[in-house]
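A.B. asks: Sequence below, structure please.
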Amino acid sequence: MTCSISGGVKLEPPQWLDYVFTYVDQAGSQIDSIFWDMGSGHQSVYPSKFLEFTQDRQLRRWREQGFQYMASLIRESRKRHLEIFWHERFSEVDITPEGELEMKTLDPLKAAQPDWVIRSWWWQGLWNAASPGLRDYKLRILREIAEDFDFDGIQVDFARHIPCLPPGKQWEQREHLTEFMRRLRQILLQVEKRRGKPFLLAVKVPENLKGCRIDGFDVGTWAQENLVDIFTLGSRSITVDVGAFRGITAGRNIKAQPCLDDHHATDGYRHPPIEFLRGVFSNWWQQGADSVVTFNWSVAPPEVATRVGGTAGPDSHRQAYLEAGSLETMKDKDKRFVVERRGVFPWAEGYFNRNEDRELPAVLANDGRSSSFRLHVADNVAAAADRVRDVTLRLVLFNAAPGDQLETKLNGFVLGEPTHDPSWKDPQIFSPLPQPNAGSKKFDGPVDPAQRLLLLVYRPAAAKFHPGAALKNRSAPVISSIRGGYC
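C.D. replies: Residues are numbered from 1 along each chain as shown. Below you'll find the predicted structure:
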């Protein structure tokens, strides 16, 4: 299991190191790899030969005290026998030299090199991989990281942000990114030859082959030429096509690891309970993932994070790090499987992270036609019927009215009458208002007392779940005929 975390909590070095390794050090932790996410455009958090050292006041104070930030993280990671990667965001939104989230003036490097920039959704512009000068600059940074620090590998994160090729021409100009990957692979092969041990290369790409094509990532060629060791699949999407990547990597030792972001979370499921996380990770393992990776998760329980001024997350993060590393440690535990909702990620132009082709929300027909939804269920529910205490199928409807008729089928079987809860509330569903952007603080506010949702709860027999074609176990509830609403 892999954990991605980032630094920056304002503490003294010993306290900070204890804090960031809290979940790693808990008894039973399944974390065995950390992707250190510390890149910041053209500033460095390490002694660089050509980049300016970060203006972050805390890191500069630590440097004056003699605290070697990068060296300390590497040393502490090695003490814990962790695999460690440098995580490089290819095109991040610009922050101030002091580390504040957004700059109010044009970034000096982008102002000096306008041909390195794509004009897109981000007012500063995003880095353009079609520019030879930009590719040279990025590779110079990564060469220095590889040559100067004892990492096991580098991950290039293309999720932060797209487009990284000119919009509308991404696939047409895909060779620019492939050339970048070839040159980076050669750099790492040279480094590993000198040091006598492997230097791995991971890339974070969209969660399916269609998305990779839309955004200009020729992952088929990357696999055929053995340019990568790991495909990190998606970022905030729970619907990940592991099998498709298995197809393009057949016969090659290239790993596939789906990723779950719990800050810019999939719509409706930010900071979800452990049952949801078990369902997501079980589906990925059952499809043949080699590992699973988290992003934007907490690194310590809420009471510890609050005490040191860090970012608090739900307790489900702590529990997931004890269970989510294998199907065996989640076996016979409560799980929640869901049909994914689309949208509400505005920080991209293209496919990556947007989830625009997901099935929900869906408008249901009012003329007798049925609407079908595929629900992936990793557990063999029918085979485990003697151990399954309870199975529920929950539908959430908006704009339902008295007298509406609804028939629900599970794998062709008509389900009985559900229980109805017209007073049910969900703080992450804002209907009829637009959904807030992923990661919005609005999700942490009170529930709208005027919210009108209808929760239907069915209790199908475990035997009604049967193996499907693509997954060993999956079900497809079919919902039909409710007037003027959506599910």
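
A.B. asks: Mind giving me the packing neighbours of the helix or strand containing residue 231?
C.D. replies: For residue 231, the element it lies in under DSSP states H and E is strand 230-233. Packing partners of strand 230-233 (3 or more CB pairs under 8 Å, 6 or more residues apart in numbering; DSSP states H and E): strand 153-157, strand 200-205, helix 242-248, strand 255-261. C-beta coordinates here come from the backbone N, C-alpha and C atoms, glycine included.

A.B. asks: Can you give the distance of that strand from its chain's centre?
C.D. replies: Taking CA atoms, centre = their mean, to the nearest Å, the mean C-alpha location of strand 230-233 is offset from the chain mean by 11 Å.

A.B. asks: what comes into contact with stretch 130-140?
C.D. replies: Contacts with stretch 130-140, where a contact means CB atoms under 8 Å, 6 or more residues apart in numbering, come from 50, 88, 90, 113, 115-116, 127-129, 165-166, 173, 176, 179-180, 183-184, 187.

A.B. asks: ugh, typo on my part, it should be stretch 434-447
C.D. replies: For stretch 434-447, the external contacting residues (CB under 8 Å, 6+ apart) are 236, 263-267, 270-271, 343-346, 425-430.

A.B. asks: And the residue sitting furthest away from the middle of the chain, how far from residue 464?
C.D. replies: No residue in the chain sits farther from the centre than residue 403, which is 41.4 Å out by CA atoms, centre = their mean. Separation of residue 403 from residue 464 (CB to CB, to the nearest Å): 28 Å.

A.B. asks: Residue 23 now?
C.D. replies: Distance from residue 23 to residue 464, by CB to CB: 38 Å.

A.B. asks: between the two, who's got more neighbours?
C.D. replies: More crowded of residue 23 and residue 464, by other CB atoms under 10 Å: residue 23, with 23 against 18.

A.B. asks: now the more buried one, what's its secondary structure?
C.D. replies: helix (DSSP: H, G, I helix; E, B strand; the rest coil).

A.B. asks: Test my guess that it contacts residue 299.
C.D. replies: Yes. The pair residue 23 / residue 299 is scored as a contact, 5.6 Å apart, by CB atoms under 8 Å.

A.B. asks: re the thing from before, mind checking the helices and strands packed on strand 230-233 for the one nearest to residue 415?
C.D. replies: Residue 415 sits nearest to helix 242-248 of all the helices and strands packed on strand 230-233, at 29.3 Å, using CB to CB.

A.B. asks: which outside residues touch the closest one?
C.D. replies: By CB under 8 Å, 6+ apart, helix 242-248 touches 208-209, 219-220, 223-224, 231, 233, 256, 258, 284, 287-289, 470.

A.B. asks: which among the residues you listed end up buried?
C.D. replies: 208-209, 219, 223, 231, 233, 256, 258, 284, 287, 289 (16 or more other CB atoms under 10 Å).

A.B. asks: and the two most separated of these?
C.D. replies: 223 and 284 (19.3 Å).

A.B. asks: circling back: now render the helices and strands packed on strand 230-233 as TSV, adding mean pLDDT.
C.D. replies: Output for these, formatted as TSV (pLDDT from 0 to 100):
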stretch	mean pLDDT
strand 153-157	97
strand 200-205	98
helix 242-248	97
strand 255-261	97
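
A.B. asks: Switch those over to a markdown table; also include distance to residue 361.
C.D. replies: Converted to a markdown table, these look like this (distance: least, CB to CB, whole Å):
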| stretch | distance to residue 361 |
| --- | --- |
| strand 153-157 | 29 |
| strand 200-205 | 27 |
| helix 242-248 | 26 |
| strand 255-261 | 21 |
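
A.B. asks: Figure out which of these is closest to residue 410.
C.D. replies: When the helices and strands packed on strand 230-233 are compared (using CB to CB), the closest one is helix 242-248, at 23.7 Å.

A.B. asks: Buried residues of the closest one, list them for me.
C.D. replies: Buried positions in helix 242-248, judged by neighbour count with 16+ other CB under 10 Å: 242, 244-245, 248.

A.B. asks: For these, work out which two are farthest apart.
C.D. replies: 242 and 248 (11.5 Å).

A.B. asks: rewinding a little: closest one to residue 146 among the helices and strands packed on strand 230-233?
C.D. replies: Using CB to CB, these put strand 153-157 closest to residue 146, at 6.5 Å.

A.B. asks: for whatever helix or strand comes next after the closest one, packing partners?
C.D. replies: Downstream of strand 153-157, the next assigned helix or strand under DSSP H and E is helix 174-195. Secondary structure elements in contact with helix 174-195, counted by 3+ CB pairs under 8 Å, 6+ apart, are helix 132-148, strand 153-157, strand 200-205, helix 219-224.

A.B. asks: possible to save these as a markdown table with distance to residue 321?
C.D. replies: A markdown table is the format used below for the helices and strands packed on helix 174-195 (distance: least, CB to CB, whole Å):
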| stretch | distance to residue 321 |
| --- | --- |
| helix 132-148 | 27 |
| strand 153-157 | 19 |
| strand 200-205 | 20 |
| helix 219-224 | 29 |
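
A.B. asks: can you list the weak-confidence ranges in the stretch 101-250 of the chain?
C.D. replies: 101-102 (pLDDT under 70).

A.B. asks: if we can go back for a sec, nearest to residue 351 among the helices and strands packed on strand 230-233 would be which one?
C.D. replies: Evaluated with CB to CB, the helices and strands packed on strand 230-233 place strand 200-205 nearest to residue 351, the distance being 10.2 Å.

A.B. asks: on that earlier part again, among the helices and strands packed on strand 230-233, which is nearest residue 214?
C.D. replies: strand 200-205 (11.3 Å).

A.B. asks: who touches the next helix or strand after that closest one?
C.D. replies: Remark: after strand 200-205, the chain's next helix or strand is helix 209-215, criterion DSSP H and E. Helix 209-215 has contacts (CB under 8 Å, 6+ apart) with 158, 162-165, 170-171, 205-206, 218-220, 241, 244-245, 248, 350-352.
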